[in-house]
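Could you work out the structure for the sequence below:
(one chain, ligands or ions: 1)
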Amino acid sequence: MRILAFSASLRHDSLNGRLIAIAARLAREAGAEVDLADFSELVMPNYNFDVEQQGFPEACVALGRRVESVDGLLISTPEYNHSFPGTLKNTIDWLSRLRPMPLRGRSVQILSAAPSLVGGNRAAEALSTPLEVLGMHVMPDRFSLNTANEAFGADGELLDPQRLERLQGVVDYFLRVTQSLKLMD
Ligand SMILES: Cc1cc2nc3c(=O)[nH]c(=O)nc-3n(C[C@H](O)[C@H](O)[C@H](O)COP(=O)(O)O)c2cc1C
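Residues are numbered from 1 along each chain as shown. Got it, this is the predicted structure:
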């Protein structure tokens with residue numbers, strides 16, 4: 001089973017970057033092959049139909065191929081103004097224009113991390129809408145890491161074993177569903 005994982009933050013010391021690194025490790029330990037992408041590789045020029053008509057940006061074509069080569073996606077999103085970042089929406093909008101559309105039929109687990117008490121769960125909820133509309137199997141159990149600025153040790157691991165256990169459960173469920181969908185193909 002192959003998974004593409006990324007945090008939708010461009011920030012060097014991103015909390016979502018730390019969270020996705022742990023989720024990717026858990027997925028690898030469970031036997032998945034994980035392509036952990038740097039979000040800077042996945043951002044594209046602002047969507048413009050005129051540009052599309054002249055040809056898709058290279059980053060879009062490359063990401064489309066990367067998505068096609070996996071069975072599911074693990075995305076950790078920051079929360080900006082109660083939603084997910086515009087950079088991620090732009091990437092989704094570009095991908096949605098490719099034919100065949102690579103997101104359709106694939107599974108996705110949404111994670112989020114924020115220093116706030118709700119941990120970016122409004123961003124996670126908002127992100128599920130376009131992904132569902134595009135035909136992805138969005139896992140119903142989202143993982144939102146609240147007070148994320150206090151959640152990691154110096155080694156980048158989660159300090160609280162209960163949070164790690166819950167994340168493990170979310171990743172394991174996602175992999176089981178992804179495997180089942182693969183068998184149905
Ligand atoms: C433009 C902007 C808007 C933000 N809006 C929210 C918000 O609505 N809710 C929230 O919990 N945090 C909000 N934050 C704080 C982010 O959760 C915080 O910067 C977080 O560290 C970003 O994720 P990252 O560390 O992965 O880059 C906002 C930050 C920025 C820059």
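
how about the helices in this structure?
15-29, 49-54, 58-68, 86-96, 121-133, 161-184 (DSSP state H).

among those, which is the most enclosed?
Across the helices of the chain, averaging neighbours per residue (mean count of other Cβ atoms under 10 Å) puts helix 15-29 on top, at a mean of 22. To be clear about C-beta, it is placed using only N, CA and C from the backbone, and glycine gets the same treatment.

centre of the chain versus it, how much separation?
Counting by Cα atoms, centre = their mean, to the nearest Å, helix 15-29 is centred 11 Å from the centre of its parent chain.

For this structure, what lies in contact range of the ligand?
Listed as neighbours of the ligand in the chain under the rule Cβ under 6 Å from any ligand atom: 9, 11, 14-17, 78-82, 113-116, 120.

so the residue positioned nearest the centre of the chain bridges to which residues?
Among the residues of the chain, Ile75 comes closest to the average C-alpha position under Cα atoms, centre = their mean, at 1.1 Å. Counting by DSSP bridges, Ile75 is bridged to Phe6, Ile110.

And the furthest pair within the residues of the chain next to the ligand?
Checked with Cβ to Cβ, those reach their widest spread between Gly17 and His82, with 21.1 Å between them.

can you tell me how far the residue located most distally from the centre of the chain sits from Pro45?
Relative to the centre of the chain, the most outlying C-alpha is that of Gln54, 28.6 Å out, by Cα atoms, centre = their mean. From Gln54 across to Pro45, the span is 11 Å (Cβ to Cβ, to the nearest Å).

No more questions from me, cheers.
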